[in-house]
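Undergrad: just a sequence and a predicted model for now, questions to come.
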Amino acid sequence: MTDRSEAVEVAERGQDRLPAVLRRLSDRRDDVAEDARGIARAEAELGVRLPRDYAEFIGEFGGGEIDEFAAVVIPYAPDLPGLPSSVVSCTETVREALSAARGTISRFRAEQLICWGSDSDYDYLWYTADADLDNWPVVLMANPAEMVELDCGMAEFLMRALTGQLPEPFTHRWFGDPATFLHWREARRRAGVGQPEWDVWCSG
């Protein structure tokens, strides 16, 4: 595991480069600010602080979808109809799935995993065993029996995915060049009044 200074440097390197390779399809700062206000509530619900690169991503982009393929979920949303999934609700889903799969051999304890995003194949998790949140690695979970820990945090994971630098067998998970980011509220505005077009999935 990397030490704190190296982990911070890697996270900052990934976070600093994201705006250069991820093009926003909307730049409504009020949407982003509303999402960012949920961070404190999510931290209170989970009982831990969230990594700095996630907080900075939400402060820069908000929650939404990358290339209609991967989702970065918002920190918190009230349990009301029509609102998207959040770090809090997706974490509950993932932990329930792991707890239900008691016969599955896994070194990951359910209570040490927090979900921050997903795509159609994997949930994107943090493994929180390290006391230093800047050292939390990303874990990709297809199901409780198929979980892979990577050697990077959220920001660096997204940078690698955006630039085709993920390790085997994930090298094909390249979002595109340039990749686009659509905020979830903008997606709903574009879809018009009625059933929301955008929502995140938590496979569990």
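TA: Happy to help now that I have it.
Undergrad: so where's this protein uncertain?
TA: The chain contains residues with pLDDT under 70 at 1-16, 103-105, 172-177, 193-204.
Undergrad: tell me which residues touch the closest residue to residue 51 other than its chain neighbours, please.
TA: What sits nearest to residue 51 in space, not counting adjacent residues and going by CB to CB, 6 or more residues apart in numbering, is residue 133, at 4.9 Å. All C-beta atoms are positioned from the backbone trio N, CA, C, and that covers glycine. By CB atoms under 8 Å, 6 or more residues apart in numbering, residue 133 lies in contact with 48, 49, 50, 51, 52.
Undergrad: give me the buried subset of these.
TA: Of the members of the contacts of residue 133, the ones counted as buried by neighbours, 16 or more other CB atoms under 10 Å, are 50, 51, 52.
Undergrad: in a strand, residue 77, correct?
TA: No - counting by DSSP: H, G, I helix; E, B strand; the rest coil, one finds residue 77 to be coil, located in no strand.
Undergrad: return the residues in contact with it.
TA: Counted by CB under 8 Å, 6+ apart, residue 77 has contacts 38, 83, 84, 85, 86, 88, 89.
Undergrad: any idea which of the contacts of residue 133 is the one closest to residue 147?
TA: Relative to residue 147, the closest of the contacts of residue 133 is residue 51; by CB to CB it sits at 18.8 Å.
Undergrad: so what's the closest one up against?
TA: 11, 126, 133, 134, 136, 153, 154.
Undergrad: repeat that for residue 73.
TA: 63, 84, 85, 86, 87, 90, 115, 116, 117, 118, 200.
Undergrad: if you set the cut-off to 6 Å instead, what comes out?
TA: Neighbour list for residue 73: 63, 85, 86, 87, 90, 117, 200 [criterion: CB atoms under 6 Å, 6 or more residues apart in numbering].
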